[in-house]
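Chemist: got a structure for you, letters missing:
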């Protein structure tokens, strides 16, 4: 076959390239460039409920410690009938304030579906289950903790 009889034209699906043009090559058949999306998995209702319960308990513990510290250092600012805890020393009240703040931050992170909050909650539930099991106090609370533990392990794919 002679070289003149063979057509050097590109196949019909290939883009034509003009080597003399100074414009960049634009291809119409390529997919759009990938960019990360802001898709968040929906918050499971059980995690939302657990987050609200943890936040409520965090507020109660924080207020209890704060009220006791107010009465300790500023006199009877709050009537003693409103104190949630009465027989604690200032160090214990400070620890209550710290624990309340930690509970609020964990509740906030659970609501935002952060993975560290999930594993923190799972670890606390596991410790509570182990304590209840080894002290032979298997009660309704033990079963509730066990259900929460299993539930959190099943919804872990919703956290990132």
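Modeler: That came through, no problem. No experiment lies behind these values; they were computed from the predicted model shown.
Chemist: remind me which residues of this protein are low pLDDT?
Modeler: Residues of the chain that meet the criterion pLDDT under 70 lie in 1-28, 30.
Chemist: so where's the longest helix in it?
Modeler: helix 45-74 (DSSP state H).
Chemist: Tell me how this structure divides into domains.
Modeler: 43-110, 113-160 (automatic domain parsing).
Chemist: is it possible to export the ones you listed to a markdown table including mean neighbour count?
Modeler: The way it works is simple: take the backbone N, C-alpha and C, and place the C-beta from them, glycine included. Putting these into a markdown table (neighbours: other Cβ atoms under 10 Å) gives the following:
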| stretch | mean neighbour count |
| --- | --- |
| domain 43-110 | 15 |
| domain 113-160 | 14 |
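Chemist: need the ones you listed in JSON lines with distance to residue 33, can you?
Modeler: Output for the domains of the chain, formatted as JSON lines (distance: least, Cβ to Cβ, whole Å):
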{"stretch": "domain 43-110", "distance to residue 33": "30"}
{"stretch": "domain 113-160", "distance to residue 33": "23"}
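Chemist: Nearest to residue 32 among these would be which one?
Modeler: domain 113-160 (24.0 Å; Cβ to Cβ).
Chemist: and the end-to-end length of the closest one?
Modeler: Domain 113-160 has its terminal residues 7 Å apart, counting by Cα to Cα, to the nearest Å.
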